[in-house]
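S.K.: Okay, here's the prediction I keep looking at, along with the sequence it came from:
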Amino acid sequence: MAASDRSKSKVPSKTTGQGPAGRGKAKGGKQRDCVLVASGDLREEANRACWPAQKQMEAELAKAFAAAGCNLVRGHSPSKSRGHGFIASAREGLDAFAAIDPQAPLVVAEAVWQYSNHVLPGLCTHAGPILTVANWSGQWPGLVGMLNLNGSLTKAGVPYATLWADDFSAPSFQRHLQSWLETGKVDHDTSHVVPLAKVTLPAKLAHVGAAIASDLRKRKALMGVFDEGCMGMYNAIIPDRLLHATGVFKERLSQSALYHETMQVSEAEAREVLRWLENAGMTFHFGKDEATHLTRAQVLMQCRMYVATLRIADRFGCDLVGIQYQQGLKDLLPASDLVEGMLNDSKRPPVCAVGSTKPIFKGKPLTHFNEVDECAGLDGLLTSRVHEALGEPTENTLHDIRWGDWDQSHSTDQWVWVFEISGGAPPAHFIGGWKGAEGHRQPPMYFRLGGSTLAGVSKPGEIVWSRIWVDGTGATEKLCMDIGRAGVVRLPEEETRRRLESTTKQWPIMHAVTYGVSRDQMMARHKANHVQVAYATDAAAADRCALAKAAAARDLGIEVHFCGTRAAGGAASSRWDA
């Protein structure tokens, strides 16, 4: 029987047998039970649309567990009236976990994007072994949802193991699954991770980093946060004590204030912004149906939000800002992603404060962190300052680690990641810049009021990738940073289209090859759904940027690790500790 067909009445009340999962058959030949839970979206339309993929994944996963001698039993029943079987709110999660044996081996299976706060309270007090699992698919980003949950569990200090697979019947997955069933643990290869203490920092770059850290601690910086906690991303909230130690402080702003300020912006000002975008070469794909098409009215409202965001940031003296949007603004305004992509670019429509003729943040980005991911915000601030100090491009953005695959066009022999974020990246990253930027309507199931994306294909070049994350597994919480190098490759149009069609075709995409970090190594180590990226002029410059940022982070009290190598191929001579 597929895991999705189990009812709550069959949740085991007692777990017995060998190992944490009671592996093997009980007396009488009956198989042991493991409990499955599935966290979903708060948006019911998304849950209904994604349920078939989740149901298929659960059926395949149940077969894998059966082959290992265990039944996979659902810990909460699917709802026929709602058309899905997800835990769709924190309250539902509390109720579901109240009926689950706290000692039972527990599997969180995700084929979709999910809100971690739906299940995190129950997981925080669960005493049995926990396994997070995702299918290797870009369709509904279960990989993204699992990575977010993993980062949230790490911040919360909850022990867990994690697995992912193209095929749950594959020997490698079965081997890891058996390890978890017997020991409650899964060992992954993380030999690509090198502590900063083993890396030689050139004196000049160490000085650059030290100067940036010293300036932050002396002059400090304000992080404007338009409502914390987007979509249950517990891992994306930096505890104030840890953030303050870096010299950065939160200016807690309200999305209600952003809505009000947006409505104060005149139609004429909005039209000026849209005119600038069209003159710069951006292509909007307009239609007439508000429910399914992108319309000029939606984009003009986004242009008003752009003006409002800059004015609020200027009024409060913010050095960077993050807009939650989901869930706070989704029923009031079109998506914020076009706004966010504009803010992160140095070439963007000029905006002045009311009564002033001086453009706000003229000629440089106002760093924006998508989905109020404060870890990405701090990373983006450091990235911008390091790149400015070294004379490198300051535009940076986060992306989801969405999916990846071998290049089916065979134009490269590299395994290529799909880095993709929900609608807004800086056009400075695109092939053709603003002329390569396109505006599509956001998918209706996620964005009821529509709004334009800021989509494009990232240009070939050398990048630095990084992630700041909160580690709560020790005696005290601490901030950590992983840094690596990658190359963005140009794939043929048909291969790019295949990847967009396999994920979300309306969103910006980056074809990335992580140097010295395999698919499985990245998944095993990374503690977030997001990854920060920034270009440099060449490989040597990217190395300098990575080293200087590591120095700055270290001097701010962040524990830094380098990942992989400085160049493709993984040669020992290109290791960071070589």
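M.R.: All right, it came through fine.
S.K.: Enumerate the positions of stretch 45-59 that are buried.
M.R.: By 16 or more other C-beta atoms under 10 Å, the buried positions in stretch 45-59 come out as Ala46, Asn47, Arg48, Ala49, Cys50, Trp51, Ala53, Gln54, Lys55, Met57, Glu58, Ala59. For the C-beta atoms, the positions are set from N, CA and C on the backbone; glycine is no exception.
S.K.: again, but for stretch 537-554
M.R.: Per 16+ other C-beta under 10 Å, stretch 537-554 contains these buried residues: 539, 541-554.
S.K.: Packing partners of the helix or strand harbouring Ala548?
M.R.: Using DSSP states H and E, Ala548 maps to helix 539-555. With contacts taken as 3 or more C-beta pairs under 8 Å, 6 or more residues apart in numbering; DSSP states H and E, helix 539-555 sits against helix 203-219, helix 374-389, strand 461-471, strand 478-488, strand 530-536, strand 559-563.
S.K.: Include distance to Pro159 and mean neighbour count when you put those into JSON lines, please.
M.R.: Formatted as JSON lines, the helices and strands packed on helix 539-555 follow (distance: least, C-beta to C-beta, whole Å; neighbours: other C-beta atoms under 10 Å):
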{"stretch": "helix 203-219", "distance to Pro159": "33", "mean neighbour count": "16"}
{"stretch": "helix 374-389", "distance to Pro159": "21", "mean neighbour count": "25"}
{"stretch": "strand 461-471", "distance to Pro159": "13", "mean neighbour count": "24"}
{"stretch": "strand 478-488", "distance to Pro159": "17", "mean neighbour count": "23"}
{"stretch": "strand 530-536", "distance to Pro159": "23", "mean neighbour count": "26"}
{"stretch": "strand 559-563", "distance to Pro159": "20", "mean neighbour count": "22"}
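S.K.: will you turn those into a markdown table that also has mean pLDDT and distance to Leu149?
M.R.: Converted to a markdown table, those look like this (pLDDT from 0 to 100; distance: least, C-beta to C-beta, whole Å):
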| stretch | mean pLDDT | distance to Leu149 |
| --- | --- | --- |
| helix 203-219 | 98 | 31 |
| helix 374-389 | 98 | 15 |
| strand 461-471 | 98 | 13 |
| strand 478-488 | 98 | 18 |
| strand 530-536 | 98 | 13 |
| strand 559-563 | 98 | 21 |
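S.K.: confidence score at the residue nearest to Pro492 when sequence neighbours are not counted?
M.R.: In space, and not counting its chain neighbours, Pro492 is closest to Ser409: 4.7 Å by C-beta to C-beta, 6 or more residues apart in numbering. pLDDT, Ser409: 96.
S.K.: Filter the buried residues of stretch 45-59 down to the ones in helices?
M.R.: Counting by DSSP state H, those place Ala46, Asn47, Arg48, Ala49, Cys50, Trp51, Ala53, Gln54, Lys55, Met57, Glu58, Ala59 in helices.
S.K.: ok, which stretches of the stretch 351-500 of the chain are helices?
M.R.: 374-389, 493-501 (DSSP state H, counting those that start in this stretch).
S.K.: low pLDDT regions in the stretch 201-350 of the chain?
M.R.: Within the stretch 201-350 of the chain, the set of residues satisfying pLDDT under 70 is empty.
S.K.: For the residue nearest to Ser179 when sequence neighbours are not counted, which residues are in contact?
M.R.: Nearest residue to Ser179, sequence neighbours excluded (C-beta to C-beta, 6+ apart): Val186, at 5.4 Å. With contacts defined as C-beta atoms under 8 Å, 6 or more residues apart in numbering, Val186 is in contact with Leu131, Ala161, Thr162, Leu163, His176, Ser179, Trp180.
S.K.: Could you rerun that using 10 Å?
M.R.: The contact partners of Val186, by C-beta atoms under 10 Å, 6 or more residues apart in numbering, come to Leu131, Tyr160, Ala161, Thr162, Leu163, Arg175, His176, Leu177, Gln178, Ser179, Trp180, Ala524.
S.K.: which pair in those residues spans the largest distance?
M.R.: Tyr160 and Arg175 (18.6 Å; C-beta to C-beta).
S.K.: ok, these two, which is more surrounded?
M.R.: Using other C-beta atoms under 10 Å as the criterion, Tyr160 and Arg175 rank with Tyr160 on top: 21 against 11.
S.K.: Quick one, grab the pLDDT at the more buried one.
M.R.: pLDDT, read off for Tyr160, is 98.
S.K.: I'd assumed Leu120 was in contact with it.
M.R.: No - counting by C-beta atoms under 10 Å, Leu120 is not a contact partner of Tyr160; they are 11.3 Å apart.
S.K.: Now for those two: what residues contact both?
M.R.: Leu149, Leu153.
S.K.: can you pull out the helices in the stretch 151-300 of the chain?
M.R.: Under DSSP H, counting those that start in this stretch, the stretch 151-300 of the chain gives helices at 171-183, 203-219, 240-244, 255-264, 267-280, 296-316.
S.K.: Could you identify which of those is most buried?
M.R.: helix 296-316 (a mean of 22; mean count of other C-beta atoms under 10 Å).
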